[in-house]
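In: 3D, please:
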Amino acid sequence: MIYVFLATGFEDIEAIAPVDIIRRAGLEVQTVSITGERVVMSAHGVGIMADLLLEDVDFSQAKMLVLPGGLPGSTNLDACQPLTQAIVKHFNAGGAIAAICAAPLVFGHLGLLQGCRATCYPGVSTELWGADFSTALVERDGRIITGKGPAVAFEFGYTIVDYFLGEGASLPLRQGMIYQELVEG
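Out: I've put the predicted structure just below:
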């Protein structure tokens, strides 16, 4: 199972676009509220109904933990100790993690980016403690995927699909969603 964690103030497109793409690929993904309420308010005032509450997540079934960015969403994720403890345990057990925009700061603060290539929203790079900072739109370094910001939410989602299904597996989705036509001009 791929879990996407929602905190108050998450960036709408960075949560919803990857979930949509992951589901289109046939992979199992669920959204998780860390607020104690099923409906989580985005940074732009959109209420999203999460599939699960944090306390109901079966982390033993997790294949990847995904953090959308946005502010204050990213700082709310960073302040959630049950989540950060679960991330460290999951990663140390060999699980994959992904974060976009400002959310890679959570991994940086946890020391999970030591020596890894990672990208994030401009201005947040100082929080990626120990990372080999990259200005790429999306970076994949082993079991860690990071994305730069809202405009790359699709590419971030496709990269997650390719992580699980193999390099290039997202091409039919890219074509069917007219994304490939967009990037090729």
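In: contact partners of the worst-scoring helix or strand of the chain on mean pLDDT?
Out: When the helices and strands of the chain are scored by mean pLDDT, DSSP states H and E, helix 179-184 comes last with a mean of 83. By CB atoms under 8 Å, 6 or more residues apart in numbering, the residues outside helix 179-184 that reach it are F154, Y158, L171, L173, R174, Q175. C-beta coordinates here come from the backbone N, C-alpha and C atoms, glycine included.
In: Just the element for the fourth one, please.
Out: This points to L173. Element membership for L173 (DSSP states H and E) is helix 171-176.
In: can you map out the helices along this protein?
Out: 12-24, 73-79, 81-92, 104-109, 153-165, 171-176, 179-184 (DSSP state H).
In: tell me the average confidence for the second one?
Out: In this model, helix 73-79 has a mean pLDDT of 98.
In: Any chance you could give me that helix in PDB, C-alpha atoms only?
Out: C-alpha atoms of helix 73-79 as PDB (Å, rounded to 0.1, in the frame of the first residue of the first chain):
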ATOM      1  CA  GLY A  73       1.000  21.500   5.600                       C
ATOM      2  CA  SER A  74       4.700  20.500   5.500                       C
ATOM      3  CA  THR A  75       5.400  22.000   8.900                       C
ATOM      4  CA  ASN A  76       2.300  20.300  10.300                       C
ATOM      5  CA  LEU A  77       3.600  17.000   8.900                       C
ATOM      6  CA  ASP A  78       7.000  17.700  10.500                       C
ATOM      7  CA  ALA A  79       5.400  18.400  13.900                       C
END
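In: in that helix, what counts as buried?
Out: Buried positions in helix 73-79, judged by neighbour count with 16 or more other CB atoms under 10 Å: G73, S74, T75, N76, L77, D78.
In: Go through those and name the one nearest A93.
Out: Nearest to A93, judged by CB to CB, of those is L77 at 19.8 Å.
In: For that closest one, give its distance to V29.
Out: Distance, L77 to V29, by CB to CB, to the nearest Å: 17 Å.
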